[in-house]
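Asks: My questions concern the predicted model and sequence given below.
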Amino acid sequence: MKLLILFGPQAVGKMTVGQELERITPLKLFHNHMTIELVSPFFSYSTPAGKRLVRQFRQMIFEEVAQSGLPGIIFTFVWALDLEADWAYIGEIRQLFESRGAETVLVELEADVEERLVRNTSPHRLAHKPTKRDIAFSESDLLNTMDKYRLNSIEGEFEGENYMRINNTNLSPEQVALMIKERFQL
């Protein structure tokens with residue numbers, strides 16, 4: 001089993017690349033907004049109740065997948081690399097899967113902020129993420145989060161065979177997914 005963690009800043013293309021990976025590999029996509037959108041009619045993700053419910057739903061899905069016969073899962077995440085809590089959370093997910101023999105693969109996406117602002121308003125993104133449809137709020141959140149947190153790694157922060165960083169500013173989701181599939185033999 002593989003746990004593929006696809007991370008990077010908002011609107012970098014994690015969900016879209018994940019959808020393409022799901023199409024061309026046996027892995028299932030679990031993009032981070034699947035749980036956010038489930039909870040948001042009741043509680044905003046910015047509230048304690050919203051965060052708690054999102055985390056609990058994700059945990060239940062991770063536990064079931066980790067003990068299933070599935071070949072693996074793709075999980076997308078906006079990882080604030082300067083927050084110990086985010087490192088701990090990723091560590092918990094990895095431990096859950098790796099304790100059952102899974103291999104973890106980390107794929108980091110980066111793109112120019114100008115391109116991310118364009119992608120932030122794409123019909124495909126808005127169709128799958130209703131909470132992003134308030135464009136003014138979503139754009140402000142994208143810019144503020146980028147200023148507040150470090151959302152891409154620094155040189156040498158991740159190393160090894162199971163890590164790949166891709167600048168997908170000028171690449172299609174299909175190209176990126178194929179690069180990942182080939183690199184990790186998915």
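Replies: Noted; the coordinates are in hand.
Asks: what does stretch 155-172 rub up against?
Replies: Residues outside stretch 155-172 that contact it (C-beta atoms under 8 Å, 6 or more residues apart in numbering): 12-13, 17, 81, 103-112, 115, 153, 175-176, 179-180, 183-184. To be clear about C-beta, it is placed using only N, CA and C from the backbone, and glycine gets the same treatment.
Asks: Pull out the buried positions in the lengthiest helix in the chain.
Replies: Counting residues, the longest helix in the chain under DSSP state H turns out to be helix 48-66. Under the neighbour-count criterion of 16 or more other C-beta atoms under 10 Å, helix 48-66 has 50, 53, 54, 58, 61, 62, 65, 66 buried.
Asks: Stretch 8-21 too?
Replies: Neighbour-count burial for stretch 8-21 [16+ other C-beta under 10 Å]: 8-21.
Asks: Residue 73 - how many residues pack around it?
Replies: For residue 73, the count of nearby residues is 24 (other C-beta atoms under 10 Å).
Asks: beta partners of it?
Replies: As for beta bridges, residue 73 partners with residue 3, residue 28 under DSSP bridges.
Asks: Contacts only, for it.
Replies: Contacts of residue 73 by C-beta under 8 Å, 6+ apart are 2, 3, 4, 27, 28, 29, 30, 62, 65.
Asks: Now do the strands in this structure.
Replies: Taking DSSP state E as the criterion, the chain carries its strands at 2-7, 28-30, 72-77, 103-110, 163-167.
Asks: How about residues contacting the shortest one?
Replies: Outside strand 28-30, the residues that touch it by C-beta under 8 Å, 6+ apart are 15, 18-19, 21-22, 58, 61, 65, 70, 72-76.
Asks: what about 10 Å?
Replies: Strand 28-30 is contacted from outside by 4, 6, 14-15, 17-23, 58, 61-62, 65, 68, 70-77, using C-beta atoms under 10 Å, 6 or more residues apart in numbering.
Asks: Same question for the lowest-mean-pLDDT helix or strand in the chain: list its buried residues.
Replies: Within the chain, no helix or strand scores below helix 123-128, which has a mean of 86 by mean pLDDT, DSSP states H and E. By neighbour count, with 16+ other C-beta under 10 Å as the criterion, the buried positions of helix 123-128 are 125, 128.
Asks: what's the answer for stretch 109-127, then?
Replies: 109, 110, 111, 115, 116, 117, 119, 120, 125.
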